[in-house]
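Enquirer: Based on what follows, work out the 3D shape:
(2 chains, ligands or ions: 1)
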Amino acid sequence: MVTEQLEKVKEYVKESRVYKSMFRRGFEDTPRNRVLAIMGNVFLHLHPSHVKRHSVKLTHTWCMGGITFLLFLVLCFTGVFLCFYYHPDKINAYRDMKYFEYDVPFGVVLRNMHRWAAHLMVITVWLHMTRVFMTGAYKPPREFNWVVGVVLLVLTLLLSFTGYLLPDDQLGFWAVTVGTNMARATPLLGHEGPFGEQIGATAYNDIRFALLGGSVVGGNALLRAYIWHCVAMPVTAIIFLAVHFWRTRKDGGTSGPL
Amino acid sequence: MWHNIWKIASKPDNIPIVGMLFLVMFFGVLSFYLALKNDRIRAAAASRRKEGQPKAKGDVVDVIDIMYPESEQGLPKKISCWPHLVKLEFICAIAVMALLMFWSVPIDAPLEEPSSPALTPNPSKAPWYFLGLQDMLVYFDPWIAGVVLPTFIILGLMVIPYMDVNPKGSGYYTFRERKFAILTYWFGFFVLWVIEIVIGTFCRGPGWMFFWPGQEWDPHRVVAEVNINFNEFLANATGMAGLKSATAGLVIGIGTILGYYVLGMALPYLWLMRRNPVILEQLGFIRFNIVGFLFWTMMALPIKIVLRLIFHVKYILVTPWFNI
Ligand code: HEM
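Expert: Sure thing, here's the model as predicted:
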């Protein structure tokens, strides 16, 4: 009786103009619907409608590229919520961390997830690169996609690195101090690097100064790290990810023996 | 002893390192297992064919056959993405999200005291994924360890597809057909990058001094270590005091570095000429030199480590502007 009624409601919904305007296919498992499921959905449409049989084997890709992308999405999602509460200045930054700990609902889990997903993403990028290398998937015609991948690898590391400073605690402060001190030694562009002094580099005009917005890791460095971390680098990464996925398809899908 | 190891390993920010080590080893073993298995199957099939035996059931004729077990041969090579791939991705996503949840609820992200430029922690460490670079500072000056070598790592990775002219092994696991490429990759990635990170985390204590895992980190430890430059090392070794002068140092230093690269490229060249000239022809002169340069730049790190730790050599080349 109830099922009958439910069935009627379902019929009614499926025949309505609203429903039909959103979903254009039925649920029967037909080849046509299988294709439509992919082609009619903007997100799934990243995939081709058919794939090689071996490329869905877990041993072939380890799903590592996909996992990396999933972690990137998790980071964007949790990152937006962190941004709601975070102020990138010397007075507030550390306080906001305490605020997450004691006041913000689910603040601790939010921060933990962002942190651990970031670390995990660094690891999965390396593993993805290793799997691509071991299957020789960088060989023609996929050479350029490997290069795009290396750019993504560097972006992943830099995203992680700029984020490290944001809590403004001892851990991040000194890690970034150690990291950016190396920039001092850049040949020509750093004031302690080879020939830096000779062409007039000082602590107040060299590349480290440009990175930090000052000669010490202070408020300006915090702001710059914040903008790199939350705006500039995610946007760059998304652009390169789009190219990466697009190329993966245009190069004939996941690699396999010819 | 375990106390100290545990103290380091259980620091929240070091958990990923332990995880990374195991994950890299697991997937490393897995990829070699898959590669050697493929090689074995194909070698067996090839030798059967050579002996003129009829094709056995499920025999591997072509590379592509190793991708498909007997039960799947004859099935269409393409399958619909929905549901086959989407299903797999969905399961993977749930597994990863579950892992992340179980990690994030009990283990808190670290938060130390507010930053203070006046309180320098000893040791002060870069984030774990850059510890390999930081550890190179022991063996090279910052401009090499922090700038030049990272640049070469990135460029070197980028040019891999253009340097590797071997047409075999594209799209499947194999070791036999790509020995040099695979061994070089694992040497660079595992020995030089991953192991350096582990050393940087577990073995570098106060003053960036080396401590065995488990050894208490004594901040007052002093190691009397006198490091000498390469020309002084040669002078001591040969007994020729004249080699100690700055000019001699300059000449020896430049000569050693030039000789290192020139010999490093010439000797393999001659060896390949005799053994396998086809590879040289495929590579071409320019590619051969780029590969050689990058390869020996990478090998400079382990060589410098040995020179430094065993022979206490600090610099190969000393100039007024920079030292190598
Ligand atoms: C943010 C980081 C990255 C993401 C999200 C990502 C994502 C993906 C995905 C989803 C695929 C499809 C096949 C698979 O899952 O393996 C793929 C393929 C590929 N990736 Fe990445 N990737 C990243 C970084 C890299 C890096 C660091 C490299 C290499 C240096 C790389 C090189 C490639 C290549 C050559 C392919 C084609 C492989 C094939 O056709 O078998 N990617 N990537």
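Enquirer: Tell me how many other residues crowd residue 210.
Expert: No chain was given, so I picked chain A. By other C-beta atoms under 10 Å in any protein chain shown, the residues close to A:Ala210 number 12. Quick note: C-beta positions are derived from backbone N, CA and C, even for glycine.
Enquirer: Can you look at chain B instead?
Expert: Residue neighbour count, defined by other C-beta under 10 Å, stands at 14 for B:Phe210.
Enquirer: Now it. Nearest residue, chain neighbours left out?
Expert: With sequence-adjacent residues excluded and distances taken as C-beta to C-beta, 6 or more residues apart in numbering or on different chains, B:Phe210 is closest to B:Cys203, at 5.5 Å.
Enquirer: go on, B:Pro83?
Expert: Nearest non-adjacent residue to B:Pro83 (C-beta to C-beta, 6+ apart): A:Arg34, at 7.4 Å.
Enquirer: So for the residue nearest to B:Phe210, what pLDDT did the model give?
Expert: On pLDDT, B:Cys203 comes in at 88.
Enquirer: Likewise for A:Ser160?
Expert: Per-residue confidence (pLDDT) for A:Ser160: 96.
Enquirer: Ignoring the adjacent residues along the chain, who's closest to the closest residue to chain A within the stretch 201-324 of chain B?
Expert: Ranking the residues of the stretch 201-324 of chain B by distance to chain A (C-beta to the nearest C-beta) places B:Phe322 first, at 3.7 Å. For B:Phe322, the nearest residue in space outside its immediate sequence neighbours is A:Pro194; the separation is 3.7 Å by C-beta to C-beta, 6+ apart.
Enquirer: From what I see, that neighbour and B:Trp321 are in contact.
Expert: Yes - the pair A:Pro194 / B:Trp321 is scored as a contact, 5.1 Å apart, by C-beta atoms under 8 Å.
Enquirer: Which one of these two is surrounded by more residues?
Expert: A:Pro194 (21 against 11).
Enquirer: Over stretch B:310-324, what's the mean pLDDT, rounded is fine.
Expert: For stretch B:310-324, the mean confidence score works out to 83.
Enquirer: ok, and for it, which residues are buried?
Expert: Buried positions in stretch B:310-324, judged by neighbour count with 16 or more other C-beta atoms under 10 Å in any protein chain shown: B:Val313, B:Lys314, B:Tyr315, B:Ile316, B:Leu317, B:Val318, B:Phe322, B:Asn323, B:Ile324.
Enquirer: got it, and stretch A:201-215?
Expert: A:Ala201, A:Asp206, A:Ile207, A:Arg208, A:Phe209, A:Leu211, A:Leu212, A:Gly214, A:Ser215.
Enquirer: OK, contacts around the residue nearest to B:Phe210?
Expert: Listed by C-beta atoms under 8 Å, 6 or more residues apart in numbering or on different chains, the contact partners of B:Cys203 are B:Phe210, B:Phe211, B:Trp212, B:Pro213.
Enquirer: To what extent is the second one buried, counted in neighbours?
Expert: Right, the one you point to is B:Phe211. 16.
Enquirer: hey, where'd the strands end up in chain B?
Expert: Using DSSP state E, the strands of chain B run over residues B:78-80.
Enquirer: Listing request: residues of it with sub-threshold pLDDT.
Expert: Per-residue confidence of chain B (counting by pLDDT under 70) places the weak regions at B:1, B:54-64, B:69-70, B:224.
Enquirer: residue in it nearest to the ligand?
Expert: Closest approach of chain B to the ligand (C-beta to the nearest ligand atom) occurs at B:Leu157, with a separation of 6.1 Å.
Enquirer: I'd guessed that residue sits against A:Val148; true?
Expert: No - assessed by C-beta under 8 Å, B:Leu157 is found out of contact with A:Val148, at 11.8 Å.
Enquirer: Just the element for A:Tyr226, please.
Expert: For A:Tyr226, the element it lies in under DSSP states H and E is helix A:219-227.
Enquirer: Give me the packing partners of that helix, helices and strands only.
Expert: helix A:143-165, helix A:170-181, helix A:207-212 (3 or more C-beta pairs under 8 Å, 6 or more residues apart in numbering or on different chains; DSSP states H and E).
Enquirer: Please save the CA atoms from the last one in CSV.
Expert: Written as CSV, here are the backbone C-alpha positions of helix A:207-212 (Å, rounded to 0.1, in the frame of the first residue of the first chain):
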residue,chain,number,x,y,z
ILE,A,207,65.3,38.0,-3.4
ARG,A,208,64.7,37.0,0.2
PHE,A,209,63.4,40.5,0.8
ALA,A,210,61.0,40.1,-2.1
LEU,A,211,59.7,36.8,-0.7
LEU,A,212,59.3,38.1,2.8
